[in-house]
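Asker: Below: sequence and its predicted model.
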Amino acid sequence: MEYFSTLIKQDPGNYELYQYDGVVKNNLGDREGAIADFDKAIELKPDNSELFQNRADAKFNISRLAEAMDDVNESIDLDESNSYAYTTRATIKLKMSDTLAALADLNKSLQLNPNNDYPYAVRGDVKTMQKNFKEAPADYNKAVEINAGSTENYLRRGNARLKMGDRAGALEDFKKVAKSGSKDDYLYGRLAQSMAKAKFYTESLVFFDALVNSNPTKANFYVQRGVAKENLGRVLDAMVDYNKAPELDTASVEAYQNRGSGKLKLGDFEGALKDINTAIKKRESDDEAYFIRAAIKIALKDYEGAVDDYNSAIFINLDNIKVFANRAYAKSFIPDAERMVDDFNYALLLDPTNEDIYNLWGDAELNLKNFEAALKTIRWP
């Protein structure tokens with residue numbers, strides 16, 4: 001950027017220098033600086049379609065959507081053949097939840113320039129969101145075909161394949177990203193999170209390790225690595241990461257919440273309760289924290305308290321199926337059999353094939369000494 005600043009001082013009337021400087025700043029995350037550069041470039045060259053599109057991109061990145069839309073519309077008015085402007089407008093429309101209009105712009109962009117991989121990738125994302133799994137793969141495949149060197153294309157396709165149930169294909173794409181040789185922390189973070197979400201925990205640890213090594217003071221990377229370890233059954237190893245995270249960031253809700261969960265698994269119920277209370281105090285709107293605290297209270301035989309926490313979790317997130325099932329289980333200790341049945345029935349209404357719900361119901365019937373009901377409810381292997 002200093003290079004362009006020097007050139008601008010030498011030639012302050014050259015709009016392209018402001019444009020190049022703005023593009024670099026936008027790519028580096030300096031959105032306001034980029035917008036200031038594009039403002040100056042537009043002042044010097046107000047009939048340039050690309051400049052308005054550039055400024056729209058920068059404004060989109062800081063959620064100034066209405067302004068971004070004005071700029072990209074101006075870009076298209078100045079040059080209706082600017083395929084990139086249609087793609088930019090599509091991404092803005094997607095953010096505004098106008099999916100059909102976004103698809104129309106992506107189709108227009110590809111009509112003007114069928115050799116650009118990005119509109120294909122975005123259109124694949126849109127079709128995946130619409131659960132159009134028949135057509136989405138062709139768009140992702142085309143994006144990869146056009147630009148096989150793009151790690152972004154493989155990462156997008158891998159995430160889409162997960163949603164389509166193609167775990168083997170997703171892992172293949174993730175491995176291609178991993179073999180790219182990139183040392184970009186942002187890419188590593190997205191890849192690690194995608195792998196962890198797909199329950200490829202062992203593979204994700206390679207990238208979480210790299211992120212921790214290159215960012216030893218960032219608490220969130222320790223938490224994410226700890227979660228992967230915990231899901232592999234390495235709870236003690238996970239606790240090392242969970243203990244490190246609050247040291248680095250005492251404001252991190254996730255650090256206390258995950259450490260509390262780890263302590264619960266290790267049987268340190270009082271320590272777990274202390275951590276979860278801290279997490280809830282820092283952020284009262286997290287249903288998962290109340291869910292964990294309820295489990296701790298069950299372990300401490302505070303069943304009424306557990307039901308209260310499940311109530312709080314449901315108030316925050318009415319769609320969390322596991323909360324209804326676990327509240328029902330807690331009610332079996334009070335006992336509150338009638339309302340217990342209502343909760344289990346509601347959970348199964350939301351997810352009728354979930355065997356964990358049936359098994360939890362069976363355990364609840366055992367608590368109530370309803371042995372016949374338990375035998376009928378538990379899903380035996």
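Answerer: Nice, I can see it. Everything numeric here is computed off the predicted structure, so don't read it as measured data.
Asker: Pull the number of nearby residues for G271.
Answerer: Burial of G271 is recorded as 16 neighbouring residues (other Cβ atoms under 10 Å). Using the backbone N, CA and C atoms, a C-beta is placed for each residue, glycine as well.
Asker: Test my guess that it contacts G262.
Answerer: No - in this structure G271 lies outside contact range of G262 using Cβ atoms under 8 Å: 9.5 Å.
Asker: all strands of the stretch 51-200 of the chain, in order?
Answerer: Using DSSP state E, counting those that start in this stretch, the strands of the stretch 51-200 of the chain do not appear at all; there are none.
Asker: Please pull out the lowest mean pLDDT helix or strand from this structure.
Answerer: Lowest mean confidence among the helices and strands of the chain (mean pLDDT, DSSP states H and E): helix 2-10, at a mean of 75.
Asker: buried residues in stretch 13-20?
Answerer: Burial within stretch 13-20, assessed by neighbour count using 16 or more other Cβ atoms under 10 Å, is assigned to Y15, L17, Y18, Q19, Y20.
Asker: what helix or strand does the second one sit in?
Answerer: What it means is L17. helix 15-27 (DSSP states H and E).
Asker: tell me the angle of that helix relative to helix 2-10?
Answerer: 150 degrees (axes from the mean of the first three to the mean of the last three Cα atoms, to 10 degrees).
Asker: Contacts for helix 15-27, please.
Answerer: For helix 15-27, contacts defined as Cβ atoms under 8 Å, 6 or more residues apart in numbering pick out 1, 4-5, 7-8, 11, 31, 33-38, 40-42, 44-45, 48, 50-51, 54-55, 57-58, 61.
Asker: Any figure for the gap between the residue most central in space within the chain and V223?
Answerer: Closest residue to the average C-alpha location of the chain: Q193 at 8.0 Å, with Cα atoms, centre = their mean. Distance from Q193 to V223, counting by Cβ to Cβ, to the nearest Å: 12 Å.
Asker: for I8, same thing?
Answerer: Counting by Cβ to Cβ, the gap from I8 to V223 is 43 Å.
Asker: between these two, which one's more packed in?
Answerer: Between I8 and V223, counting by other Cβ under 10 Å, V223 is the more crowded of the two (26 against 17).
Asker: where does the more buried one land on pLDDT?
Answerer: The model reports V223 with a pLDDT of 96.
Asker: same question, the one 10 residues further on
Answerer: Confidence per residue is given as pLDDT, and for G233 that number is 94.
Asker: Quick check: phi and psi on it?
Answerer: phi 90, psi 10 (degrees, to the nearest 10).
Asker: what's around it, how many residues?
Answerer: Other residues lying near G233 total 11 when counted by other Cβ under 10 Å.
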